[in-house]
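mind looking at a prediction? Sequence and model below.
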Amino acid sequence: MITVGHLLLLAAFLFVVGIIGALTRRSAIIVFLSIELMLNSVNLALLAFNRFYGHMDGAAFVFFVLAVSAAEAAVGVAIVVAFIRKNGTTSIDAANLMRW
Amino acid sequence: MLVTAFYILAGLCFLLALSLVFHRNPMVAAVSMAGAMICLGVIYTLLHVPFLGVFQVIVYAGAVMVIVLYILMSVGQEELSPPPGTPQLVFTWGAALLLLWHLRQTVVLPAGAGTSQPADEAYGTIQQFGELLVTRYAVPFEVASLLLVGAMVGAVVLSRRRWE
């Protein structure tokens, strides 16, 4: 059967891939999607423990994380659109207003 | 049987995640992300929480990815700036491998991990989940609805035309 170790391994790999994407890609949209991938890997870990301990609290947390990430997607995409409108590019190198 | 399905789905999900991060074309990356979300939804179903799998497909593969693809198709498909330099790559891969190693060192699974079955037949039914949402998690549920309204207002305010 599927053990909690399998699920945690998959979650850890997805999280690390998300970190690599968020730190190395230049396109703001891809960085945003990488962050979503990291959120999903944490969801998977929550559900693994949820199943292992046989109660539903982890599922409730995943439900709230889904709601928060939907809100985050709406605001994030609005920010990306405003950013593109202002700078004419999706490259996050253009976001240097507060650079020292 | 279930384990085989899980291995196939996990491998597919991992490959799609790699495609999201490493593919040069943003459209291919976004569609890979949608595929990875669908794989995760099926894995949730394998974990006896099928309604969360359905939510995952509706919210992520449906709503979020459609918004992102819409933005990509309308504005975002440009050739990206040059690939990251060597120091950045070394730092990133170092951080990622360090994190994996740290997880391997610190996560101690409880004894008998993975051998437990759900306690009762009602586990994972949407009835049990719904009861939990209106009893123990009633306040977070309301806060989540407030958060969604706030996010909606924020998105409308942010997308007004005032960046001249």
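Ah, there it is.

please identify the helix or strand for residue A:64.
helix A:57-87 (DSSP states H and E).

from the contact counts, what lies against that helix?
Other helices and strands packing on helix A:57-87, by 3 or more CB pairs under 8 Å, 6 or more residues apart in numbering or on different chains; DSSP states H and E, are helix A:28-53, helix B:50-56, helix B:65-71, helix B:126-134, helix B:138-158. All C-beta atoms are positioned from the backbone trio N, CA, C, and that covers glycine.

is chain B contacted by the first one?
Yes: Helix A:28-53 reaches chain B (CB under 8 Å from any CB of the partner chain) through A:29-30, A:32-34, A:36-37, A:40, A:43-44, A:47-48, A:50-53.

ok, and the most crowded of those?
Per-residue neighbour counts (other CB atoms under 10 Å in any protein chain shown) across these peak at residue A:33, which has 30 neighbours.

chain neighbours aside, what residue packs nearest to that residue?
residue B:33 (4.9 Å; CB to CB, 6 or more residues apart in numbering or on different chains).

what about residue B:70, how many residues close to it?
Residue B:70 is surrounded by 12 other residues when neighbours are defined as other CB under 10 Å.

buried stuff in the helix holding residue A:64?
Neighbour-count burial for helix A:57-87, counted by 16 or more other CB atoms under 10 Å in any protein chain shown, picks out A:58-67, A:69-84, A:87.

ditto for stretch B:54-74
Across stretch B:54-74, burial judged by 16+ other CB under 10 Å covers B:55-57, B:59-61, B:64-65, B:67-69, B:71-72.

among the residues you listed, which one sits closest to residue B:15?
Distances from residue B:15 to those, taken as CB to CB, are shortest for residue B:61 (16.6 Å).

closest to the centroid, which residue in chain A?
residue A:36 (2.2 Å; CA atoms, centre = their mean).

quick one: contacts for the nearest residue to that residue once chain neighbours are set aside?
In this structure, residue A:36 finds its nearest non-sequential neighbour in residue A:69, 6.4 Å apart by CB to CB, 6+ apart. Taking CB atoms under 8 Å, 6 or more residues apart in numbering or on different chains as the contact definition, residue A:69 lies against A:36, A:39, B:59-60, B:64.
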